[in-house]
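Peer 1: quick one: sequence plus predicted model below, questions after.
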Amino acid sequence: MAQYRVVSGSVALITIQNPPVNALRAAVREGLFNAIKRASSDPQVRSVVLSGHNGTFCGGADIKEFGNVSLPGPHLVEVFQLMEDLVKPVVAAIEGFALGGGLELALACHYRIGHSKARVGFPEVNLGLFPGAGGSQRLPRLVGVPAALDIIITGRHVAAGEALKLGLLDKVIDQNTVDAAVTFAKSVEGKPLDNHRLGNRPCPPLENMDAFFEEAMKRVHSRARGAVAPITCVQAVRGAATLPFHKGMELEKMLLGTLFNSAQAQASQYCFFAERAGARWSMPSGARWDTCKAKPIGTAAVIGLGTMGRGITVALARAGLSVVAVETQEHQLAEAQRAVSRMLKGGGRVSYSPDLQAAAEVDLVVEAVFEDMAIKEKIFKQLSEVCKPGTLLTTNTSTLDIDRLASCTRDPQLVVGMHFFAPAHIMRLLEVVYGPRSSPEAVATAMQLGKRMGKVSVAVGNCTGFVGNRMLKPYLEQANFLLEEGATPELVDAALEEFGFPMGVFKMSDLSGLDVGWRVRKEEGLTGPGVTAGQPMRIRHSRRYSPLGDLMCEEGRYGQKTGSGWYLYDKPGGRVARSDPWLRNFLEQYRARHGLVARRISQQEVLERCLYALINEGFRVLEDGIAASPQNIDAIYVFGYSWPKHRGGPMFYASQVGLARVLEGLNHYHQAHPDVPHLEPCSLLRRLVASGSPPIDKWSEVVKGHRSQL
Ligand SMILES: CC/C=C/CC(=O)SCCNC(=O)CCNC(=O)[C@H](O)C(C)(C)COP(=O)(O)OP(=O)(O)OC[C@H]1O[C@@H](n2cnc3c(N)ncnc32)[C@H](O)[C@@H]1OP(=O)(O)O
C-alpha cells in the first residue's frame, strides 16, 4: 500500500499504491505511518520523497470508508503530523491529482514539486465536508486567507501554474516528477526545516479581518442554499487566521465532528457515487456497458439551431468532433452562426448549411428541432434517406416517442434519444434514451459520446417524458393545483427555494417558457380549441386538470421572454422576477369562477405535495424498468434539474425522510384529492415499506421481485 525503497544513496522514496486514485484507505494510512517511521530510523536515509503510483499522487481519503462509525487504522491527522515533525526533509512529488486528503498530505510535507499537468484542490465541500485533517489550518498559513478560503469553499481544481503563483507548489516541472523531487530532496538534506513546517507558521496577516469574514459568511449564506459545509469552511479558515495551530486543529476536529455523519454529508457522498453509477448502464435485454462496444464518432450534424441546437453544437465541437450545423431558415442560421462562434471563441470545427443533404457523410446526427412529432418524423425519414449507411440518428426530444421516430427510418436499431438540458453546453446531464429496437451498440456510442462531452450520462427507457420530465409532470401539476387552492407562486417558490432549489417551480417555468409545456399539452390532446369545447375545464380523462398554464399562454404570458408569466419582468427577456398584481387578481377571478375557496397553505404542504408526487412517479419509473436504479434517477435530478446535492436526489431524499412517512403523506393527500392519481402511492413504494424500508442500495432486490410477478 505504501512502497518503501531507498534511491540515490540517501532518499527514501515512498510510493502510495492503491489504484485507481491512491485513496487513503486504512491500509494505506497504516503503510504510510510505518514508512515514515522507517525513514526516520533508517540511518542511510537523509531525505524523503513521497509520490503516488501510476501518475496519480492521491485522490484523498477513501470515500467508501466514510460510512464506518469508527475508521480503522491510524487517523490521517496522526499520519500527517508524524510526517511534518520528521527531522529529515520530505518532498511531495505531485503528478496527476492531489485532492482532499491528498493535498493535506502534500501540505504536511516540507516541499511540494508538481508536474505542469498536475491539479490540486480541496473538493471536500462537494462531499458535505471541509478539509478536516489539517488542510483548513495549513493551507491559509501557506497561501494566505483569501486564496485558501476560495480554494476550500469552491472545491475547484487548481492547475499547477496557478498553484505555483500562489506558493502552493515550490516548483513546477515538465519532466519526470519523481526524478526531479529526488534531486531536489538531496539538495535540501541537512537544511533547517522549521519554516517549512506549516503548523509552526503564523497565518499571513490580513487587514480588516472581521469585515473580510463577515462578508465571506454573508456570501456563503446567500449561495449555500441550506448546505452547511460551505459555512463550516469559513468558520474553520477563520480559526486558522485567529488561533494558534493546535487550537485551530481542535476547532477543525470539532467542526468536522458536526458534519462527518450528518444527513447532508451522506447525501453529498451518495451523489458522488450516483454520478459515476450511470456509466455502468444496462438494458432490459441484458446488454451492458462492459459487453458493448461504441462506434468511433468523428463527425456529427446538428439539425435545428434554436437555443438547444446551438448549445449541442458547442458541446460536440468542444469534445473535438467536426460538426455540420443545419438550419433551414436563413436568418436563424446566420444568427446561430454568430452565437456559436461567440460561445466557441473562434475555436472548434463547425460548418453551417441550410440543407439537410450536408449531413450525408456524418457518423452521427442530433436532431434538435422543436417538439412537434410530425416535423420530427419528416426529418427522420429524410435523414434515413440522406445519411450514409450506419449513421446513428439521435433526437433531442424531451418527451416524444423514440420508437415512433425509429419507425420512420430504414434502420430503427440506429435510433436513440440524446436528451440534453438547457444550456446544452453547460448542463452536465445527458439522458440517453433507448427504444425497444435501439441496438446496444447505438446506446454504447451515445453514452461514450456523452462521456467525451464531459456529461453525466444516464441510459433510460422510452416513455413519455423518459425519467426526468415524466417525474416533473406531477410536480408541476401539484404546484398548479396549489395555486387553485389558495397558494401564490411566491409561496410555492419560497418553499422550494428554502429546500435548496436555485429557483422555485414558477420561476423555473418562466425561465424555460410556458409555451413549451403548452405545446406538449396540445400534442397530448389536453388543450387546444378542438379539445376544450364542451369539456369541463378542470377535468381531463376523468382526472383533475388545471388549465392555469394554458390560460396564461392564451394571455400571451410565456414567461421571461414576453416580460410576464407567473411573475412580471421589467421587459421581454428581463431576468428579475417581481410579484404581479395582475396575477393575484387573475387567480381570484379564476377561483371565483370555479367555486374554489382559497385556504391557507403551509410550506410543509407545498413541499410534501410537490416532492412526494415527484418521488412517487420515481418509484413508478423504477417499477416500469425505465430507470435501472434509484441512483440513476437521482443523478438525473441532481445534474439535470438542479435538485440540491446536499439532499442527495429525490429517491435518496425519500429514503432519508423515511419511506413509511412518504407513503403516509401520499395516502393522506390522495384521500383529500382522490381525483389526482399521481398522489396514489405506487405499489413498489408500498412493497418497499412492507419489506421494512430497506436501505436504497437494496431496493433493486424488491424491484426485481416485484417485476417477476408482473
Ligand atoms: C477525515 C475526513 C477527510 C476527508 C478528506 C478527503 O480526502 S475527502 C475525499 C476528497 N477527494 C475527492 O473528493 C476526490 C474524489 N475523486 C475525484 O474527484 C475523481 O475521482 C478524480 C480523482 C479527479 C479522478 O477522476 P477520474 O474521472 O479519472 O476517475 P473517476 O472519478 O471515475 O474515479 C475512478 C474510480 O475511483 C473512485 N474514487 C475516486 N476517488 C475516490 C475516493 N477519494 N475514494 C474512494 N473512491 C474514489 C471512483 O468512485 C471511481 O470508481 P467507480 O467504481 O467507477 O465509482
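Peer 2: Structure received. Numbering: from 1, shown residues only.
Peer 1: and G461, how far from the ligand?
Peer 2: Applying C-beta to the nearest ligand atom, to the nearest Å, the value for G461 to the ligand is 23 Å. Every C-beta, even on glycine, is put in place using the N, C-alpha and C of the backbone.
Peer 1: please apply the same query to L583.
Peer 2: Distance check for L583 against the ligand: by C-beta to the nearest ligand atom, it reads 44 Å.
Peer 1: isn't that residue up against A577?
Peer 2: No. Distance between L583 and A577: 11.2 Å, which falls outside the contact criterion (C-beta atoms under 8 Å).
Peer 1: quick one: name the residues of the chain near the ligand.
Peer 2: Taking C-beta under 6 Å from any ligand atom, the part of the chain that reaches the ligand is made up of 20-21, 23, 59-64, 76, 97, 99-101, 123-124, 127, 129, 132-133, 273, 276.
Peer 1: now the residues you listed: which count as buried?
Peer 2: Neighbour-count burial (16 or more other C-beta atoms under 10 Å) is assigned, among these, to 21, 23, 59-63, 76, 97, 99-101, 123-124, 127, 129, 132-133.
Peer 1: that older thread, strands - which of the residues of the chain next to the ligand land there?
Peer 2: Using DSSP state E, F97, L99 are the members of the residues of the chain next to the ligand that sit in strands.
Peer 1: quick one, phi/psi of P244?
Peer 2: Dihedral angles of P244 (phi, psi; degrees, to the nearest 10) stand at phi -60, psi 160.
Peer 1: what's around the closest residue to the ligand within the stretch 601-710 of the chain, how many residues?
Peer 2: Among all residues of the stretch 601-710 of the chain, Q631 sits closest to the ligand, at 10.6 Å; criterion: C-beta to the nearest ligand atom. Counted with other C-beta atoms under 10 Å, the burial measure for Q631 works out to 26 neighbours.
Peer 1: for the one 5 residues further on, same thing?
Peer 2: Counted with other C-beta under 10 Å, residues neighbouring I636 total 31.
Peer 1: now do the SS call for it.
Peer 2: Using DSSP: H, G, I helix; E, B strand; the rest coil, the structure places I636 in helix.
Peer 1: could you list every residue that touches it?
Peer 2: By C-beta atoms under 8 Å, 6 or more residues apart in numbering, the contact list for I636 reads L429, E431, V458, V460, V467, G468, A627.
Peer 1: mind listing the strands for the stretch 1-150 of the chain?
Peer 2: Counting by DSSP state E, counting those that start in this stretch, the segments of the stretch 1-150 of the chain that form strands are 2-7, 11-16, 47-52, 90-94, 97-99, 111-115, 119-121.
Peer 1: closest to Y352 out of the ones you listed?
Peer 2: Taking C-beta to C-beta as the criterion, strand 119-121 is the member of those that comes nearest to Y352, at 35.8 Å.
Peer 1: which residues does the lowest-mean-pLDDT helix or strand in the chain contact?
Peer 2: Scoring the helices and strands of the chain by mean pLDDT, DSSP states H and E places helix 529-532 at the bottom, with a mean of 74. By C-beta under 8 Å, 6+ apart, the surrounding residues in contact with helix 529-532 are G525, P547.
Peer 1: for that helix, what is the distance to the chain centroid?
Peer 2: Here helix 529-532 is found 40 Å from its chain centre; the criterion is C-alpha atoms, centre = their mean, to the nearest Å.
Peer 1: what strands line up against the following helix or strand past that helix, and which way round?
Peer 2: Using DSSP states H and E, the next helix or strand after helix 529-532 towards the C-terminus is strand 539-540. Looking at strand 539-540 with DSSP bridges, its partner strands are strand 543-544 (antiparallel).
Peer 1: ok so, going back, which ones among the residues of the chain next to the ligand are found in helices?
Peer 2: Taking DSSP state H, the ones among the residues of the chain next to the ligand that sit in helices are L76, G101, F273, R276.
Peer 1: show the pLDDT at the third one.
Peer 2: What that stands for is F273. Residue-level confidence at F273 comes out at 97, pLDDT.
Peer 1: who's in contact with it?
Peer 2: F273 is in contact with I63, Q631, counting by C-beta under 8 Å, 6+ apart.
Peer 1: gap between it and D290?
Peer 2: Distance of F273 to D290, given as C-beta to C-beta, to the nearest Å: 18 Å.
Peer 1: can you name the residue of the stretch 301-450 of the chain nearest the ligand?
Peer 2: With C-beta to the nearest ligand atom as the measure, R428 is the residue of the stretch 301-450 of the chain nearest to the ligand, at 13.2 Å.
Peer 1: which strand or helix spans the residue lying closest to that residue once chain neighbours are set aside?
Peer 2: In space, and not counting its chain neighbours, R428 is closest to F639: 4.3 Å by C-beta to C-beta, 6 or more residues apart in numbering. When elements are defined using DSSP H and E, F639 is found to belong to helix 630-640.
Peer 1: helix or strand right after that helix?
Peer 2: From helix 630-640, the next helix or strand downstream (DSSP H and E) is helix 650-657.
Peer 1: what's next to that following helix, contact-wise?
Peer 2: Looking at what lies outside helix 650-657 - C-beta under 8 Å, 6+ apart - the contacts are 263, 266-267, 270-271, 274, 471, 611, 614-615, 618, 622, 630-631, 633-634, 637, 643, 647-648, 662, 693, 695-696.
Peer 1: in PyMOL, how would I select just the buried ones from those residues?
Peer 2: Applying 16+ other C-beta under 10 Å to these leaves a buried subset, and the PyMOL line that selects it is:
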select buried, resi 263+266+267+270+271+274+471+611+614+615+618+622+630+631+633+634+637+643+647+648+662+693+696
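Peer 1: does R310 count as helix, strand or coil?
Peer 2: Reducing the assignment at R310 to three states with three-state DSSP gives helix.
Peer 1: same check on R686?
Peer 2: Counting by three-state DSSP, the three-state call for R686 is helix.
Peer 1: that one reaches V662, doesn't it?
Peer 2: No. With the criterion set as C-beta under 8 Å, R686 and V662 do not qualify as a contacting pair; they are 10.9 Å apart.
Peer 1: so, low pLDDT: which residues of the stretch 251-400 of the chain?
Peer 2: Low-confidence regions of the stretch 251-400 of the chain, defined here as pLDDT under 70, do not occur.
Peer 1: which residue does it have closest to the ligand?
Peer 2: Sorted by distance to the ligand under C-beta to the nearest ligand atom, the residues of the stretch 251-400 of the chain start with R276, at 3.9 Å.
Peer 1: okay, domains of this structure per the record?
Peer 2: According to automatic domain parsing, the chain is divided into the following domains: 2-260, 292-466, 487-589, 603-707.
Peer 1: next one: the second one to chain centre, how far?
Peer 2: Between the mean C-alpha point of domain 292-466 and the mean C-alpha point of its chain there is a distance of 22 Å (C-alpha atoms, centre = their mean).
Peer 1: what does the third one give?
Peer 2: Distance, stretch centre to chain centre, for domain 487-589: 27 Å (C-alpha atoms, centre = their mean).
Peer 1: swap in the last one?
Peer 2: On the basis of C-alpha atoms, centre = their mean, the separation between the geometric centre of domain 603-707 and that of its chain is 20 Å.
Peer 1: please apply the same query to the first one.
Peer 2: For domain 2-260, the distance from its own C-alpha centre to the chain's C-alpha centre is 26 Å (C-alpha atoms, centre = their mean).
Peer 1: so how far does that domain reach from one end to the other?
Peer 2: Terminal residues of domain 2-260 lie 26 Å apart, using C-alpha to C-alpha, to the nearest Å.
Peer 1: next one: phi and psi at the residue of the stretch 351-500 of the chain found nearest the ligand?
Peer 2: Among all residues of the stretch 351-500 of the chain, K451 sits closest to the ligand, at 9.4 Å; criterion: C-beta to the nearest ligand atom. K451 has phi and psi values of phi -60, psi -40 when expressed as degrees, to the nearest 10.
Peer 1: wait, R575 touches G559, no?
Peer 2: No. Counting by C-beta under 8 Å, no contact exists between R575 and G559, whose distance comes to 11.1 Å.
Peer 1: good, we can wrap up now.
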